[in-house]
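sequence first, then the predicted structure:
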Amino acid sequence: MKYILVLMLVLTSFTTLANKTKQYSHTYIGTIEELFVWVSGSDQNGIRVVLSKNGGGQCQKGYYLPHTSDNKELVFSTLLAARMSQQPVALQTAGGPNGEYLQIDGYCRINYVKLY
């Protein structure tokens with residue numbers, strides 16, 4: 001009986017932890033109008049992207065990828081290919097449960113990129 005009770009408590013803890021760390025995402029689709037790239041700098045933006053149809057709301061200016069992103073070079077190559085071919089791209093942004101975005105000055109952080 002003790003083991004069942006302990007197992008139930010552990011499972012409940014994992015569920016509660018998962019709900020607290022859950023991120024909500026929003027996806028926006030368009031062609032890339034502008035692409036800005038910083039080699040280094042004091043700001044947090046390594047790459048900025050402006051789509052033909054921005055997400056509005058908190059993403060009015062566009063989207064960004066931080067300097068510290070693990071796959072920054074790969075993502076930049078993907079974005080550059082989309083820009084050069086003028087093919088639509090989907091950008092997913094990450095945010096919290098109340099609709100807030102991970103953003104800096106009206107630019108929302110890119111979570112993933114998809115080419116069409």
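Structure received. This structure is a prediction, so every number in the text was calculated from the model and none was measured.

going forward, measure contacts between C-alpha atoms and count neighbours the same way
Noted.

for this structure, which spans come out with low pLDDT?
1-24, 41-43, 54-58, 97-101 (pLDDT under 70).

and the strands in it?
Along the chain, counting by DSSP state E, strands occupy 24-30, 32-37, 45-51, 62-66, 89-95, 103-104, 107-115.

can you redo those as TSV with distance to Ala82 and mean neighbour count?
Output for those, formatted as TSV (distance: least, CA to CA, whole Å; neighbours: other CA atoms under 10 Å):
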stretch	distance to Ala82	mean neighbour count
strand 24-30	10	16
strand 32-37	7	15
strand 45-51	11	22
strand 62-66	15	23
strand 89-95	7	21
strand 103-104	23	17
strand 107-115	7	20
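
next, find the distance separating His67 from Val39.
Distance of His67 to Val39, computed by CA to CA, to the nearest Å: 8 Å.

of the two, which one has the most company?
For His67 versus Val39, neighbours defined as other CA atoms under 10 Å are more numerous around His67 (18 against 8).

if we can go back for a sec, what touches both of His67 and Val39?
Shared contacts of His67 and Val39, defined by CA atoms under 8 Å, 6 or more residues apart in numbering, are found at Gly46.

circling back: what would the strands of the chain look like in TSV with distance to Ala81?
Shown next, in TSV, are the strands of the chain (distance: least, CA to CA, whole Å):
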stretch	distance to Ala81
strand 24-30	14
strand 32-37	10
strand 45-51	13
strand 62-66	16
strand 89-95	10
strand 103-104	25
strand 107-115	9
